[in-house]
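In: Okay, here's the prediction I keep looking at, along with the sequence it came from:
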Amino acid sequence: MIDESIHRLQFDRLVWLWGILPSPTHAQPERFVLGQKLRACETAWDKASAPAERARAVEHLKQSVTLFFGFKLAEAARAMDEARFALESATPPAAERRWAEALYLRLSTRLADPASDEVSVSLQPLYPVEWRQKAPEEAATPNGAAVPPDLLLRISLVLDGQPARQVINLPLRQLPLSSPLSIATLAEGDYLLRSQILRGKEVLATREETLSLSRNLRPRLTQVEKTLQTMAEQPSTTDLATARSLHALLASLAEGKTLETNYPATRLLLETEALLRDLSQTRRFYGGSKQVGQFWLTLALPASTVPVRLQAPPQVTSGEPLPLVLALHGAGGSENLFFDGYGQGAVATLSASRGWLVVAPRGSAGFRPERAAEIIDAVDRLYRVDRKRVFLVGHSMGGAQVVASAQATPNAFAGAAVLGGGGQVLPNAAISQLPFFIGIGSEDFALPNARRLEAGLRERKVESLQIRNYPGIEHLVIVQVALPDVFAFFDEVASRGRR
């Protein structure tokens, strides 16, 4: 009883955290770095397929989740690194590598004009790590540790997968290490910036992030703002709401803010300009048979708007209705988490392989149980949705939102999946005909909530209820592990033709 009360308190705390964790437009650099480390850890998890290998990482992952919800992002990143080391080998990494992995590269800006802006980089510690015992008379660097000898920081810029357009090598003798990054001769585009810490030919740490370069950046952003001002009195539409949100995102990046994930800002600026040209001529921009790929949209709903990330597969060119997956992220996440995390965007990959649409809304943007059905309607106005094959999947607090959405409008969905959490089943919920999937990790702190959800669904006599237990799996990786089973469940439901 005591343990269950503790788990309930932890889960209830997620509800509270849902509304107060930083939004994507006000995220700290530490949040960005933590996201990058999460992706690296997910890659290591996939490579470490043996249960014994994965078991080495579980306690570190559990610690990372606890630290994240305690707002200790740097320490959460440390635990994430330790999880990755454990996945890679039973032997602890060399002290120099552990020291190198604790550093991160901070850019003065992630969106710049190569003709007028200067970009500088600064290598600094995210959390302190000693790489060796220091003699008392040795001076400490700002991260509290002596710098290992014979290290080099190499920075390269790559565009469209072509050979590096720019490479700089900096001897690493002290921290922080700052340097200008020459961009004056570079073409416009979204560059992959790769930073490596080397000792001879040995790579101790590698990071990859995006640096976007746009010519005439300031005048173009000013023109976007002026054009939007002329449309201030126009009724809200998805196109207009998206233009406003994209301008705000681009302005934040141009001001030097570090957002939570990598954005292809140059592509988004070109997209915003084309969007405004169509708006000025009262033409619709998003949706239809020609808009294929991933988009950051702000959907216009009946009484509000919601930021989403949407993927339209090539099958939209047929004009036929397509199945839709509505993915609801966990507390502290955003619309990007199902695309950049949760198994390196496994929901997008699994949906694309089936030719399905997928949309992930920002869950902290005024969630109401009826909102899921409104989002389906908004997507259907862009791309034709097969209303008999609309599926819900959610993690943690997103799972609780799945349960609430399914009860509010059960006829809107063909199936629902809850991972790493639960939700309250109402006594009068008319959901007996809605197929449910529950994925439960044995090491997940929210396991009691999943069990309560199972009991509630059985009490409501849900006819199709699939429970999958995942031994040795905790809260962070349950989505990555369970998504293939979730989509197999969706495939089965879709083939049955529920309605």
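Out: Perfect, I can see it now.
In: avg pLDDT for the helix or strand hosting residue 224?
Out: For residue 224, the element it lies in under DSSP states H and E is helix 217-230. Helix 217-230 shows a mean pLDDT of 98.
In: what's the answer for stretch 471-481, then?
Out: 95.
In: Can you show me the CA trace of it as CSV?
Out: C-alpha atoms of stretch 471-481 as CSV (Å, rounded to 0.1, in the frame of the first residue of the first chain):
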residue,chain,number,x,y,z
PRO,A,471,10.2,-7.3,-18.3
GLY,A,472,13.1,-5.1,-17.4
ILE,A,473,11.7,-2.0,-19.1
GLU,A,474,11.3,1.4,-17.4
HIS,A,475,9.4,4.6,-18.1
LEU,A,476,11.8,6.2,-20.6
VAL,A,477,12.2,3.4,-23.1
ILE,A,478,8.8,1.8,-23.0
VAL,A,479,7.7,3.7,-26.1
GLN,A,480,10.7,2.7,-28.1
VAL,A,481,10.3,-0.9,-27.1
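In: Report the distance from whatever helix or strand comes next after the helix holding residue 224 to the chain centre.
Out: Next helix or strand after helix 217-230 toward the C-terminus (DSSP H and E): helix 238-254. Averaging C-alpha positions (C-alpha atoms, centre = their mean, to the nearest Å) puts helix 238-254 19 Å from its chain's average.
In: does residue 68 really touch residue 34, like I thought?
Out: Yes - contact criterion C-beta atoms under 8 Å: residue 68 and residue 34 qualify, at 7.4 Å. Every residue, glycine included, has its C-beta placed from N, CA and C.
In: Find the residues that touch each one of the two.
Out: Taking C-beta atoms under 8 Å, 6 or more residues apart in numbering as the criterion, residue 68 and residue 34 both touch residue 76.
In: so where's the stretch 1-150 of the chain shaky on pLDDT?
Out: Within the stretch 1-150 of the chain, the segments meeting pLDDT under 70 span 1-27, 133-145.
In: try 90
Out: 1-31, 49, 69, 71, 128-147 (pLDDT under 90).
In: now the helices: where do they sit in it?
Out: 2-18, 29-47, 51-55, 58-68, 73-88, 95-101 (DSSP state H, counting those that start in this stretch).
In: So which of the ones you listed is nearest residue 277?
Out: helix 29-47 (31.9 Å; C-beta to C-beta).
In: Going by neighbour count, list what's buried in the closest one.
Out: 29-42, 44-45 (16 or more other C-beta atoms under 10 Å).
In: Residues touching that helix, excluding its own?
Out: The contact list for helix 29-47 (C-beta under 8 Å, 6+ apart) reads 22, 54, 57, 61, 68, 73-74, 76-77, 80-81, 83-84, 87-88, 104, 106, 126, 207-209, 258-261, 340-344, 476-477, 480.
In: Mind checking which of those residues are buried?
Out: Buried, going by 16+ other C-beta under 10 Å: 22, 54, 57, 61, 68, 73-74, 76-77, 80-81, 83-84, 87, 104, 106, 126, 207, 209, 258-261, 340-344, 476-477, 480, out of those.
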